[in-house]
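A.B. asks: Model the following, please.
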Amino acid sequence: MAVEIKGVVNEIIFKNEENGYVVAEVHTDDEEIVVIGYIPIINVGETMAFKGRYIVHPVYGEQLEVISSKQIMPSTDEGILSYLSSGLIKGIGPKLAKKILKRFGKESLDIIQYRPELLTEISGIGHKKAQAIAESFEEQREIKEVMLFLQQYGVSPTYTMKIYKKYGDRAIEFIRENPYRLADDIAGIGFKMADNIAKKMGVDPKSPYRIMCGIKYVLSQYNLEGNTFAKKDELIHRTAKILAVEDKLVEDGITTLTINGEIQQENINGDIAVFPMAFYYAETGVCKKLIELAGANFKDIDIDIEKEIKRIEDEEGIILAEKQKTAVEESVKNGVTVITGGPGTGKTTTVNSIIKLFEGQNLSIALAAPTGRAAKRLAETTGKEAKTIHRLLEYSFLEDDFGMAFMKNGEDPLTYDVMIIDEVSMVDILLMYHLLKAIMPGTRLILVGDVDQLPSVGPGNVLADIIESGIVKVVKLTEIFRQASESMIVVNAHRINKGLKPKVNIKDKDFFFISKKSQDDILHTIKELCFKRLPAFNNYDPIKDIQILTPMKNSKVGTINLNRELQNILNPKGPMKAEKKIGDRLFRVGDKVMQIKNNYNIKWKTENGLKEGEGIFNGDIGYVCGIDEDAKTLSVFYDDEKYVEYDFASLDEIELAYSVTIHKSQGSEFPVVVMPLSWGPPMLLNRNLLYTAVTRARELVVLVGMEKYMYMMIKNKRTKDRNSGLGYRFKRILDENLLE
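C.D. replies: Below is the predicted model of the structure:
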C-alpha cells in the first residue's frame, strides 16, 4: 500500500551518482525514516515529499521504498533555517542563515530569489555577496529543472551535471532543439544514449540531426577497429542499416557534414575515403612532417664513424654485427632513421651504442615510448631517463580546465638534438602526429620497433607504413646473437614469424607446450601451473612472476573468467582481507591489477613519503594494498614504489590482471608467459598475435591447449587490413618528385 510522507533530509547515507540510487534519513514531524530508491534530486537540508511503500530489511529494519519524490520549498522557520544552513547556497553558512531568517522570516527565500538587494541590510553582506547568493540560489533552481527534465528520459545525475555545466540555463532549450548535440558535446554520452533520449522525445527517425550523428557514430566504430577512414559505400550501407533509413538520406548527410567541415572525402586508390577531420589532419601532418625532418639540415658531427664505433665496442666489451653498425651510422647521417628487428637481434645494444656516440658529442638526447611499461623497460635497458610520449609532450589540463592538450607542439617545440622513440609499433596516427609536430627540423629522430608485432590499438598502421614508404632510411636487424640463439623463446619467435612450427619441450630449455583437449582441461592446467607447478619448478612467485596472456576477453579461457578463477585460487577471500565489489567486479587486498587508461594527474607517493609525483599509465601493473570503506578509497602499489589512492568512483580505471589480453601486454615483459590455445574468432587466431605473446616472455613460455589451434595461428598470416591513407600519401609524394 502506497503512502506519502513529508520531511527534511537529515543525512544522505549513500548515493550512487551514476544512477541516482539513494539511501537517506528523513526527519518528519513524528519520526526519523530511512528512505531508499532512485532519487536523483536530493540534498541535505531540503524539505521533500516522498511517495512509496514500507518494506522491512532483514538487517536495517523498516524503510520506505520510494516510488516518486519532489522538492518542497520549506515554509516553517525550522525548515528554512535547515535549508539555508545546508551549504547548498554558496556564501551562506549556519551563522548567516540565522541572521537572514531573523531579519526576513518566512519571506527569506523569496527575498533571495526576487529581491536579493535587500540582503545588504544584514551586516556582512555587501552588494557583490548578495548577488553571488542570488546566483547560487538560481543555479540550484536551474539544475533541479534540468534534472527533472532529463530524469524523464533516463539521464543520470552525473550526466545531468555535465550537461548543465556545458549549456547552463539554456540546457533544456538546446536539448529540445537537437538532443543529438549531446553526443558531440558531452563526454560519455555517445550516439546510442542520445538516440534513446531523442526517441523518447519523439524526434523524427529521419531527422537530419539523427542521420549526421549516426554517420559520425559509425565512422567512430571504423576508427575503433583501427581504421583512419571508411570507404564511402560501406559507410553509407552500414549507417543506413543501423539507423533503418534509406541510403540516400545517409549520402545527403555525408555531403552536409563535408560542407560543414566535420569530415573529409578523398579519392584513395579508386575508393572514396571518408575521414573524421582529426585523422585526415593527422595523416597529412605525419606525411609532411616526416619528409621535412628527413630532408632537414642538422648539426653535422665531424667524426670518423668507424673509429667511433670501434671505441664504443672496446669500452663496452661488445662486437656489433654489420647491420648494427649500419644502424649506428645511418642514425648519424640521417634526419629520420627506422631500426626494426625481432627479439634477440640486438636492438637494445644498437640503441645503447647510438646513445653513447651522441653523448660523446655532447648532444642532448630524449628517450620515450608509448606506454609507461615500455618507457620503464627502455630506462632499465639504457640506464637513462625515459618518458612516455605523452609525458614528453607535457600532456595536461588546459588553463580553463576544459579538456587536456599537449603543451609541447609546433609553437613550443622540444629542443633536443636527438630523439629515440622505442616500441613504435604501438604508436597510432594521432600520437605520431602530435609527436612530430613538437620536433624541430634539424633534430635527429630514431624510431625503433618490431614491425611484426601487433599494430597499435589506436587507428593507423604507422610503423609499417613508414617502413614501406621509401621516404626514410630503414635498417632491419636480422642476425640472432649467440646468447639469444640459446633461448628457445627467441628461436621460436623467429620460427613462428617465418611460418614454422616452434620447437617445444626440449630438456633444460625455456619453451613448453602442454596438450589439452578442452577448455575445462586448459583452465584446470593453467590454475595448477600458477598455483603449484611453476612455483615448484623455479620458485616463481605465482602472482608477480607469472602472466597469463590470452587472445580474447570472453570464453572460459578469456581474461574475465581467468581473472575470476585465478583470484579465487591465488588470492582467496580471508577474514582479515578487505575487499570491494563494484558491479560485477571484485577487488581484494593482494590482487594484481592493471591501469587501463592513462591518468596523467593522479598523484602518487613512495611508501616513506620522501618522493611524490603524478601519473599512472595504461598498462602499468600493481597490487592492491588497502581498501578503506570509510574513506571510500582503494590503494595500489605500483613498480614497488608508487603508492596510489583511487576513490571508489574511479575504479573503472583498473581491472584484475592475473590474465590480460595480448593486445594489453604490448610493451611489457614478464618472467613467465602462459597462454591458452583453443577456439576463437579466426581474426584473433593469427600469427602476429602468437608472435607478440611469445616475445613478451623473458625466461619461460608455456602454451596450454590444442595443437591444431597453435598451427592454425602460425599459418594464419591474415590480419584484418586497416584502412590507412598514410602509405598512399607517401607514394603520391614520391611519384610527384619522380615526375619533376
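
A.B. asks: mind listing the helices for the stretch 1-150 of the chain?
C.D. replies: 77-84, 94-104, 108-114, 127-151 (DSSP state H, counting those that start in this stretch).

A.B. asks: looking at these, which is buried most?
C.D. replies: For the helices of the stretch 1-150 of the chain, the largest average neighbour count (mean count of other CB atoms under 10 Å) is found in helix 77-84, namely a mean of 20. Yep, even glycine has a C-beta here, placed from its N, CA and C like the rest.

A.B. asks: where does Asp630 fall, phi/psi-wise?
C.D. replies: phi -70, psi -50 (degrees, to the nearest 10).

A.B. asks: Quickly note the distance from it to Ser518.
C.D. replies: As judged by CB to CB, to the nearest Å, Asp630 and Ser518 stand 46 Å apart.

A.B. asks: next one: Pro441
C.D. replies: 59 Å.

A.B. asks: In space, what's closest to Tyr21 - neighbours in sequence excluded?
C.D. replies: Distances taken as CB to CB, 6 or more residues apart in numbering place Tyr38 nearest to Tyr21, at 5.5 Å, with adjacent residues excluded.

A.B. asks: pLDDT at that neighbour, what is it?
C.D. replies: Note on Tyr38: pLDDT of 79.

A.B. asks: same question, Gly403
C.D. replies: On the pLDDT scale, Gly403 gets 65.

A.B. asks: ok, which stretches of the stretch 151-300 of the chain are strands?
C.D. replies: Residue ranges of the strands in the stretch 151-300 of the chain, as given by DSSP state E, counting those that start in this stretch, are 230-231, 263-268, 271-276.

A.B. asks: Residues in contact with stretch 473-482: which ones?
C.D. replies: Here stretch 473-482 makes contact (CB atoms under 8 Å, 6 or more residues apart in numbering) with 321, 323-324, 326-327, 330, 333-334, 336-342, 344-347, 350, 467, 490-491, 494.

A.B. asks: hmm, 7 Å instead?
C.D. replies: 321, 323-324, 326-327, 330, 334, 337-341, 344-347, 350, 467, 490, 494 (CB atoms under 7 Å, 6 or more residues apart in numbering).

A.B. asks: send the alpha carbons of stretch 704-718 over as PDB?
C.D. replies: Provided in PDB are the C-alpha atoms of stretch 704-718 (Å, rounded to 0.1, in the frame of the first residue of the first chain):
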ATOM      1  CA  VAL A 704      48.500 -24.900 -23.000                       C
ATOM      2  CA  GLY A 705      45.800 -26.300 -25.200                       C
ATOM      3  CA  MET A 706      45.200 -27.800 -28.600                       C
ATOM      4  CA  GLU A 707      48.000 -28.200 -31.200                       C
ATOM      5  CA  LYS A 708      45.700 -27.600 -34.100                       C
ATOM      6  CA  TYR A 709      45.000 -24.000 -32.900                       C
ATOM      7  CA  MET A 710      48.700 -23.300 -32.500                       C
ATOM      8  CA  TYR A 711      49.300 -24.400 -36.000                       C
ATOM      9  CA  MET A 712      46.300 -22.500 -37.200                       C
ATOM     10  CA  MET A 713      47.700 -19.300 -35.700                       C
ATOM     11  CA  ILE A 714      51.100 -19.900 -37.300                       C
ATOM     12  CA  LYS A 715      49.600 -20.500 -40.700                       C
ATOM     13  CA  ASN A 716      47.200 -17.600 -40.500                       C
ATOM     14  CA  LYS A 717      49.100 -14.600 -41.700                       C
ATOM     15  CA  ARG A 718      45.800 -12.900 -42.400                       C
END
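
A.B. asks: Averaged pLDDT, it. What do you get?
C.D. replies: Rounded mean pLDDT across stretch 704-718 is 90.

A.B. asks: Can you go through the contacts of stretch 473-482 and name the buried ones?
C.D. replies: 321, 323-324, 326-327, 330, 334, 337-341, 344-347, 350, 467, 490, 494 (16 or more other CB atoms under 10 Å).

A.B. asks: what about the residue nearest to Arg729 when sequence neighbours are not counted, distance to Ala187?
C.D. replies: Using CB to CB, 6+ apart and skipping residues adjacent in sequence, the residue nearest Arg729 is Cys287, 4.2 Å away. Using CB to CB, we find Cys287 at a distance of 30 Å from Ala187.

A.B. asks: Equivalent analysis for Ser515, please.
C.D. replies: 48 Å.

A.B. asks: just checking, which of the buried ones among the contacts of stretch 473-482 belong to helices?
C.D. replies: Within the buried ones among the contacts of stretch 473-482, residues falling in helices by DSSP state H are Lys323, Gln324, Thr326, Ala327, Glu330, Lys347, Thr350, Ile467, Val490, His494.

A.B. asks: so what's the backbone phi/psi at Arg564?
C.D. replies: phi -60, psi -50.

A.B. asks: got any ranges where the stretch 301-450 of the chain has weak pLDDT?
C.D. replies: For the stretch 301-450 of the chain, the stretches flagged by pLDDT under 70 are 398-403.

A.B. asks: ok, back up a step: out of the strands of the stretch 151-300 of the chain, which is closest to Ser75?
C.D. replies: Across the strands of the stretch 151-300 of the chain, Ser75 has its closest neighbour in strand 271-276 (54.5 Å, CB to CB).

A.B. asks: What mean pLDDT does the closest one get?
C.D. replies: Averaging pLDDT residue by residue across strand 271-276 gives 96.

A.B. asks: Could you do stretch 84-103 as well?
C.D. replies: Stretch 84-103 comes out at a mean pLDDT of 82.

A.B. asks: Tyr164 against Glu145, yeah?
C.D. replies: No: the criterion here is CB atoms under 7 Å, and Tyr164 misses it with Glu145 at 9.5 Å.

A.B. asks: show me the contacts for the spatially most central residue of the chain.
C.D. replies: In the chain, the residue lying closest to the centroid (CA atoms, centre = their mean) is Lys597, at 2.9 Å. By CB under 7 Å, 6+ apart, the contact set of Lys597 is Asn618, Glu653.

A.B. asks: any idea how far Gly619 is from it?
C.D. replies: If you go by CB to CB, the gap between Lys597 and Gly619 works out to 10 Å.

A.B. asks: Let me see the ranges of the helices in the stretch 201-350 of the chain.
C.D. replies: Using DSSP H, counting those that start in this stretch, helices in the stretch 201-350 of the chain cover 208-224, 232-243, 247-259, 277-295, 305-316, 322-333, 347-360.

A.B. asks: can you tell me which of those helices comes nearest to Ile548?
C.D. replies: Closest among the helices of the stretch 201-350 of the chain, using CB to CB: helix 208-224, at 25.1 Å.

A.B. asks: what angle sits between that closest one and helix 247-259?
C.D. replies: 80 degrees (axes from the mean of the first three to the mean of the last three CA atoms, to 10 degrees).

A.B. asks: Measure how far helix 208-224 is from the centre of its chain, please.
C.D. replies: In terms of CA atoms, centre = their mean, to the nearest Å, the centre of helix 208-224 is set 21 Å apart from its chain centre.

A.B. asks: what's next to that helix, contact-wise?
C.D. replies: 178, 180, 183, 190-191, 194-195, 198, 203, 230, 235, 238-239, 242-243, 245, 249-250, 253-254, 256-257, 274, 276, 279, 459, 723.
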